[in-house]
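Asks: Requesting a structural model of the entry that follows:
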Amino acid sequence: MKPMGPIRWRRLAAGIMLPALATLLAANPAPGAETGDEAGTIQIARLHYDGGGDWYCDPSSLSNWLELLRTRVHLPAAEHDKTVTLDSEDLYKYPFLYMSGHGRVALSDREAGQLRRYLDAGGFLYADDNYGMDHSFRAMVAQVFPDEKLVPVPAGHPIYHCWYDLPGLPKIHRHDGEPAQGFGVFRHGRLVLFYSYSSDIGDGLEDPDVHGDPPAVREAAAQMAVNIMMYALTHP
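Replies: Numbering: from 1, shown residues only. Okay, here's the model as predicted:
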């Protein structure tokens, strides 16, 4: 799954763009950048939701993801993720939200409205089913966007090709044996929500001794995670 010829021009463009982005972030922290010792850094905010699901699962995955951004893409990424709720006054500091879990997701109508406004204002949500949240997550999407559908994101979509050239969403853990599937919500032509089902990218990003995944599987998860963030950064 190494980067291939057809996307070399994208990587060349990114090589020009990203140092400029790093300089800009250092001088003028973005709306999603932290203040203090993490000023000007790219951050991942984990969504703390209600309903009983383990929103805190895969605790090492996000810090490892941020390390990938620093070492592979040379972005000024933070050392550790943050945690936010939808009613947090800090929500709009973080343009990239991540959510995962094995169980039930539940939002109040007020929280659903806040998430809809956040995404329509330019935020991005990546949801990774860790085996068990699919039913309630789909209900959550219908609550947040009653006039939109969670639709398949085809293999040709840029999210699979914007840094690494991938054939589609990788399969990290077996579970019920269903194929890995990527879904999304598009608002006015913009992908505002990406959902990985039957894949488990977060598990693949965990420390190596957590699941004992072989290097090739971990690398597939790493490449997809880099692509997701690069897509979110370059397709506002």
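
Asks: element containing residue 231, please.
Replies: helix 215-234 (DSSP states H and E).

Asks: My guess is residue 197 contacts residue 184. True?
Replies: No: contact criterion Cβ atoms under 8 Å: residue 197 and residue 184 do not qualify, at 11.1 Å. Heads up, the C-betas are built off the backbone N, CA and C, glycines and all.

Asks: starting at the chain centroid, how far to stretch 132-148?
Replies: Chain-centre distance of stretch 132-148: 17 Å, with Cα atoms, centre = their mean, to the nearest Å.

Asks: list the buried ones in that stretch?
Replies: By 16 or more other Cβ atoms under 10 Å, the buried positions in stretch 132-148 come out as 132-133, 136-138, 140-141, 143-145, 148.

Asks: what's next to it, contact-wise?
Replies: By Cβ atoms under 8 Å, 6 or more residues apart in numbering, the surrounding residues in contact with stretch 132-148 are 51, 53, 100-107, 109, 112, 115-116, 119, 127, 129, 150, 185-187, 193, 195, 197.

Asks: So for the chain, the centremost residue is which one?
Replies: When Cα atoms, centre = their mean is applied to the chain, the residue found nearest the centroid is residue 126 (3.7 Å).

Asks: which helices and strands does the helix or strand where it lies pack with?
Replies: Using DSSP H and E, residue 126 maps to strand 124-129. Other helices and strands packing on strand 124-129, by 3 or more Cβ pairs under 8 Å, 6 or more residues apart in numbering; DSSP states H and E, are strand 96-101, strand 190-197, helix 215-234.

Asks: Parallel or antiparallel, list what pairs with the first one.
Replies: When pairing is defined by DSSP bridges, strand 96-101 lines up against strand 45-47 (parallel), strand 124-129 (parallel).

Asks: Okay then, goodbye and thanks.
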